[in-house]
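>>> build me a model:
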Amino acid sequence: MELRLEGKVVLVTGATQGIGRAIAETLAHSGAGGLLVTGREPVRGNDVATSLSQAGTPATFIAADLADTTAPARLVDECIGRFGRIDALVNAAGLTNRASFLDADLDDWAALFAVNARAPFFLMQAAITQMRKQGHGGAIVNILSINAHCGSPELAVYSATKGALATLTRNAANAHRFDRIRVNGINVGWTDTPAERIMQA
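Sure, this is the predicted structure:
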């Protein structure tokens, strides 16, 4: 089955590389009407936006660090300002820092939860608020992890963040089904991404 998204405007986090970039490229090839892509690396991000635009899908890059509490609302506002609407959100950004029960500290906990759970929550909040105003429903996809079901020892805190996001995904799907907003999560396994290669090295 071919996915078609003619005219739909989508915000994709973590879109400068790896899974997020692959998702943005798939959305562009599926006829999306506009893409706002975001990440922490301006050079990579602008390259992605340029590539997507040259392929025929209007795309804008906005640099943002999701550890910043103001980033989620700002990104949704930027999407609305650039394209006039938001039809879908993909929360693909995530930290995979190693932190076990024996070596995790407060900074590890705060950093991982800020990006992997807090930021997606407030991105969903802002997106759902706008989708309800628009009155045409919408879609949200959260990139989860099989680690949410337990996780390896060195991924204790990461696993907890993905467990939290899995619960938030189900909660949002239930809470906003009558707004015609679909909320789904994808439990991916280990993926050979540039960031993961650096972490493994």
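>>> could you count how many residues lie near Tyr158?
Residues near Tyr158, counting by other CB atoms under 10 Å, number 26. Heads up, the C-betas are built off the backbone N, CA and C, glycines and all.
>>> what mean pLDDT does the helix or strand where it lies have?
Taking DSSP states H and E as the criterion, Tyr158 maps to helix 156-175. Per-residue pLDDT over helix 156-175 has a mean of 98.
>>> before we move on, what about stretch 131-140?
98.
>>> and if you look at stretch 99-112?
98.
>>> likewise for stretch 73-90?
For stretch 73-90, the mean confidence score works out to 98.
>>> for that stretch, which outside residues touch it?
5, 8-13, 20, 23, 27, 33-34, 36, 38, 58, 60, 62, 64, 122-124, 126-127, 130-131, 134, 136, 138-143 (CB atoms under 8 Å, 6 or more residues apart in numbering).
>>> now do the contacts for the closest residue in space to Gly151 that isn't next to it in sequence.
Spatial nearest neighbour of Gly151, excluding adjacent residues (CB to CB, 6 or more residues apart in numbering): Ser159 at 2.9 Å. With contact taken as CB under 8 Å, 6+ apart, Ser159 is in contact with 145, 147-148, 150-151.
>>> His136: neighbour count?
12.
>>> quick one: Ser30 and Ile186, what's the gap?
As judged by CB to CB, to the nearest Å, Ser30 and Ile186 stand 16 Å apart.
>>> list the buried residues of the helix or strand Ala111 falls within.
Per DSSP H and E, Ala111 falls inside helix 106-113. In terms of neighbour count (16 or more other CB atoms under 10 Å), helix 106-113 has its buried residues at 108, 111-113.
>>> check stretch 166-176 too.
166, 168-169, 172-173, 176.
>>> the residue of the chain most remote from its centre: what secondary structure?
Largest separation from the mean C-alpha position in the chain: Leu102, at 29.3 Å (CA atoms, centre = their mean). Following DSSP: H, G, I helix; E, B strand; the rest coil, we place Leu102 in the coil state.
>>> just the angle between the helix holding Ala111 and helix 156-175, please?
Helix 106-113 and helix 156-175 are oriented at 30 degrees to each other (axes from the mean of the first three to the mean of the last three CA atoms, to 10 degrees).
>>> tell me the helix or strand right after helix 106-113.
Assigned by DSSP H and E, the successor of helix 106-113 is helix 119-134.
>>> gap between whichever helix or strand comes after that following helix and the chain center?
Counting by DSSP H and E, the next helix or strand C-terminal to helix 119-134 is strand 138-145. How far strand 138-145 lies from its chain's middle: 7 Å, per CA atoms, centre = their mean, to the nearest Å.
>>> please begin residue numbering at 825 from this point
Sounds good: first residue 825 from here, last item strand 962-969.
>>> CA atoms of strand 962-969 as CSV?
Taking Å, rounded to 0.1, in the frame of the first residue of the first chain, the C-alpha atoms of strand 962-969 are listed here in CSV:
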residue,chain,number,x,y,z
GLY,A,962,-4.7,14.9,12.6
ALA,A,963,-2.1,12.3,13.3
ILE,A,964,0.8,11.9,15.7
VAL,A,965,3.5,9.2,15.6
ASN,A,966,5.9,8.7,18.5
ILE,A,967,9.1,6.8,17.9
LEU,A,968,9.3,4.5,20.9
SER,A,969,11.6,1.6,21.6
